[in-house]
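Asks: Any chance you can model this:
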Amino acid sequence: MARRTVYCGRVSEEYMDQKVTLKGWVQKRRDLGGVFFIDLRDREGIVQVVFNPEESKSAWEIADQCRSEYVVEITGTVIRRDAGAVNKKMATGDFEVKGEEIVILNSAKTPPFSIEDEQNISDEVRLKYRYMDLRRPKMTQNLMMRHRLTQSVRRFLDDNDFLDYNQAIAMELDGLDTVDKRIEMEERLGRLFEQRSRDGSEDDISISIIFNSDAYESVKQGLETRRKLNKIDEQIGLSKKKIVTLDLKQKQIENERNINIENWKKVALEKSKLKQYSEKLIERRNALEEELKKIEREQDELSKKKIELDSSIKQYEEIEKIKSDEQDKNLADKQKEEKNIQIKEAEKRRLQDILNN
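Replies: Below is the predicted model:
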């Protein structure tokens, strides 16, 4: 463990470009694009520490584990902040520490409140977590002021030849402390009286005179009565604790009931929305079914028309075939007739040639 070289709130121009060792509590930890910024706090103030994985990977990994109120020891170099990053609200706002090494001295649970002055905290919570309340800057300043004032008074008295010493103070207790102390004293005296009565010793005549048999019985009855009262007080205390516990459970049950009611309302609302959506889907489905039936009827009509058209086309083709056959037959007859005419003309010319000869 290294020795602290400077307090967090005292980092200044004096330590520029120097390696320093700081110790304190983690006020905040911020992650900005993989670079960690830790606000380190001690009794003198806060300073910002930067951890970059390119500078020190091991320190960066440890800084990633830090949370609020962790106690850490950091070693790094003091550098000046960029012009746009200067924080005039902090005494150390012009500087920051480039973290090179970090050691977690003590981890911590999540604090019940932030260690800052501007917090609306009930007195009950502050007193319950007094050790954390004293870490707040205002309370720390009060303690430091008290220390300086006490030291100033002591120095003044010492300079004027006063002696400072402590003397035991006898004070009267009250309430339950008085009863407990008296019961303890009377029980001890009662045991001493019983022992001396058995031994027959008369060394302590005052005890024999004070604790005669009647007095002892009276004291004994008083002790028994006090014990019963103490038991009753304990039972009353336990009953009060149980009542408080039951009240807390009742509040918890009421809160859970309210939460369940809210959840039920949300579920009912979602159910209603789903029901409306389902009805819309059913209407849409019915509309689509009607449209599908219409399309099927149209397809049936088109199929019938296609059959009729196919039949008409077939009849037309048959008629055209018949016409074609007739035309072929007529053409053949015509060609045959023309051939017969040619034969007759040829025969006629032959006969004419015979006559001429």
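
Asks: Asp325: which element?
Replies: In the assignment (DSSP states H and E), Asp325 maps to helix 213-356.

Asks: Apologies, that question was intended for Asp31.
Replies: Using DSSP H and E, Asp31 falls within strand 19-32.

Asks: strand partners of that strand, parallel vs antiparallel please.
Replies: For strand 19-32, the paired strands and their directions (DSSP bridges) read strand 35-42 (antiparallel), strand 71-80 (antiparallel).

Asks: Kindly confirm my reading that Met139 is in a helix.
Replies: Yes: read with DSSP: H, G, I helix; E, B strand; the rest coil, Met139 is one of the residues of a helix.

Asks: If I look at the nearest residue to Met132 once chain neighbours are set aside, what pLDDT would I see?
Replies: Spatial nearest neighbour of Met132, chain neighbours left out: Pro111 (6.0 Å); criterion: CB to CB, 6 or more residues apart in numbering. From N, CA and C alone the C-beta is placed, and that goes for glycine too. pLDDT recorded at Pro111 is 90.

Asks: quick one: contacts for Pro111?
Replies: Taking CB atoms under 8 Å, 6 or more residues apart in numbering, we find Pro111 in contact with 68-69, 129, 132.

Asks: Now, of those residues, which are buried?
Replies: With burial judged by 16 or more other CB atoms under 10 Å, the buried subset of the contacts of Pro111 is 68-69, 132.

Asks: Now do the helix or strand His147 falls within: distance to the chain's middle.
Replies: Secondary structure assignment for His147, by DSSP H and E: helix 137-159. Here the centre of helix 137-159 is set off from its chain's centre by 43 Å, with CA atoms, centre = their mean, to the nearest Å.

Asks: To what extent is Glu14 buried, counted in neighbours?
Replies: Applying other CB atoms under 10 Å, we find 9 residues neighbouring Glu14.

Asks: again with Ser303
Replies: Residues near Ser303, counting by other CB under 10 Å, number 10.

Asks: same thing with Gln315?
Replies: 10.

Asks: so what pLDDT did it get?
Replies: On the pLDDT scale, Gln315 gets 87.

Asks: Over to Gln276?
Replies: Here, the pLDDT recorded for Gln276 equals 90.

Asks: again, but for Arg80
Replies: Taking Arg80 on its own, its pLDDT is 94.

Asks: With the one 4 residues further on instead?
Replies: On pLDDT, Gly84 comes in at 89.

Asks: I'd assumed it was in a helix, is it?
Replies: Yes: assignment of Gly84 by three-state DSSP places it within a helix.

Asks: most centrally placed residue in this protein?
Replies: For the chain, the residue nearest the mean C-alpha position is Thr110 (11.8 Å; CA atoms, centre = their mean).

Asks: phi, psi of that one?
Replies: phi -60, psi 120 (degrees, to the nearest 10).

Asks: again, but for Cys66
Replies: Per degrees, to the nearest 10, the backbone of Cys66 is at phi -70, psi 140.

Asks: Isn't it up against Ile104?
Replies: Yes: if you go by CB atoms under 8 Å, Cys66 and Ile104 touch, sitting 6.8 Å apart.

Asks: okay, those two: which has more neighbours?
Replies: The residue with more neighbours, out of Cys66 and Ile104, is Cys66; 22 against 16, by other CB under 10 Å.

Asks: residues in contact with that one?
Replies: Contact analysis of Cys66 by CB under 8 Å, 6+ apart lists 26, 29, 38, 72, 102, 104.

Asks: quick one: the fifth one from Ser12, how far?
Replies: For Ile102, the distance to Ser12 (CB to CB, to the nearest Å) stands at 22 Å.

Asks: re earlier: just checking, what packs against the helix holding Asp325?
Replies: helix 176-199 (3 or more CB pairs under 8 Å, 6 or more residues apart in numbering; DSSP states H and E).

Asks: For Ala2, which residues are in contact?
Replies: 21, 73, 75 are the contacts of Ala2 under CB under 8 Å, 6+ apart.

Asks: Neighbour count and pLDDT added to these, as TSV?
Replies: Shown next, in TSV, are the contacts of Ala2 (neighbours: other CB atoms under 10 Å; pLDDT from 0 to 100):
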residue	neighbour count	pLDDT
Thr21	16	96
Glu73	18	96
Thr75	17	96
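
Asks: which regions of the protein lie under the pLDDT threshold?
Replies: 167-223, 357 (pLDDT under 70).

Asks: go with 80
Replies: Within the chain, the stretches with pLDDT under 80 are 1, 117-119, 165-227, 229-230, 233, 356-357.

Asks: wait, doesn't Glu100 sit right on Lys57?
Replies: No: if you go by CB under 8 Å, Glu100 and Lys57 don't touch, sitting 11.2 Å apart.

Asks: which of the two has more neighbours?
Replies: More crowded of Glu100 and Lys57, by other CB under 10 Å: Glu100, with 16 against 10.

Asks: quick one: Glu69 and Ser114 touch, right?
Replies: No: Glu69 is beyond contact range of Ser114, at 9.8 Å (criterion: CB under 8 Å).

Asks: So Asn166 versus Tyr70, what's the distance?
Replies: For Asn166, the distance to Tyr70 equals 38 Å [CB to CB].

Asks: Okay then, goodbye and thanks.
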